[in-house]
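> Take a look and give me a structure for this.
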Amino acid sequence: MELFHYHHWTNHLEEIEKFYVENGFQVAGRFAKVKDGIKTYHPPLEWDDFREENPTFRIIEVRKGKVNVSFGAGKKTMFDHIGFLVTEEEHDDVCMLAKQLGFNVNEGDRRTFIGTPSRLRIELQQREDVVEEGNDYITSMEIMVKDSNHIQDFSRLLGEYVSNIQFTVGDNLLLKKVVIEGRDSNKSTDPNGVAVELVADT
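Next comes the predicted model:
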């Protein structure tokens, strides 16, 4: 299992996309909700090309090596889920354990989501095409949860794979910090309030 992904709902879509692009990410896709389904606004389109349409984006996805970040339109910032790249065996083992723990397991054709008592969902992804070539990868995360029991829930579900996630207890569910190792070095905070630390691989 490899930690590769995080997702927010937010009302700062353009600002967040700009932040990640300025930090070396590439826009992989923009998907907006319309009456008949989904309309895409993928690059090479820029925001000035569709701003007057005021699309409601279900997902904007940016990538940097083995890191995949997505965000969608929301009335306020809300941390929704993290994702792991998994083998078929890892997927089945985690799903079985989640069901034993009484967690909700929603298996789809493209990915599986596990609901946890903390409200933070876990995505299990078996498709390698959700990331790009490159050496950038997530080395650690800091996540705030509202109850210390939720930390135990994640430990039971993910076992050794939770070792690169530091949990703290606070008033809200928040992604506090992400450390990404790769070719760049920088420390900044994205418009969702996530401290993003890029560490050059020496």
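
> What is the lowest-mean-pLDDT helix or strand in the chain packed up against?
In the chain, the helix or strand scored least confidently by mean pLDDT, DSSP states H and E is helix 148-158, which has a mean of 92. Secondary-structure packing of helix 148-158 (3 or more CB pairs under 8 Å, 6 or more residues apart in numbering; DSSP states H and E): helix 88-100, strand 165-169. To be clear about C-beta, it is placed using only N, CA and C from the backbone, and glycine gets the same treatment.

> Any chance of CSV for the ones you listed, columns mean pLDDT?
Shown next, in CSV, are the helices and strands packed on helix 148-158 (pLDDT from 0 to 100):
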stretch, mean pLDDT
helix 88-100, 95
strand 165-169, 95
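
> now those as a markdown table including distance to Glu128?
Below are the helices and strands packed on helix 148-158 laid out as a markdown table (distance: least, CB to CB, whole Å):
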| stretch | distance to Glu128 |
| --- | --- |
| helix 88-100 | 12 |
| strand 165-169 | 22 |
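
> What segments of this protein are strands?
2-10, 26-34, 37-40, 56-64, 67-73, 78-85, 104-107, 112-115, 121-125, 137-145, 165-169, 174-182, 186-189, 195-200 (DSSP state E).

> other SSEs contacting the first one?
Contacts of strand 2-10 with other secondary structure elements, assessed using 3+ CB pairs under 8 Å, 6+ apart, are made with strand 67-73, strand 78-85, strand 121-125, strand 137-145, strand 174-182.

> Out of those, indicate the one that is most buried.
Mean neighbour count, computed with mean count of other CB atoms under 10 Å, is highest for strand 67-73 among those, reaching a mean of 23.

> got the angle for that strand vs strand 56-64?
170 degrees (axes from the mean of the first three to the mean of the last three CA atoms, to 10 degrees).

> and Thr139, what is it in contact with?
Contact analysis of Thr139 by CB atoms under 8 Å, 6 or more residues apart in numbering lists Asn164, Val179, Ile180, Glu181, Val199.

> Look up how far Thr189 lies from it.
For Thr139, the distance to Thr189 equals 18 Å [CB to CB, to the nearest Å].
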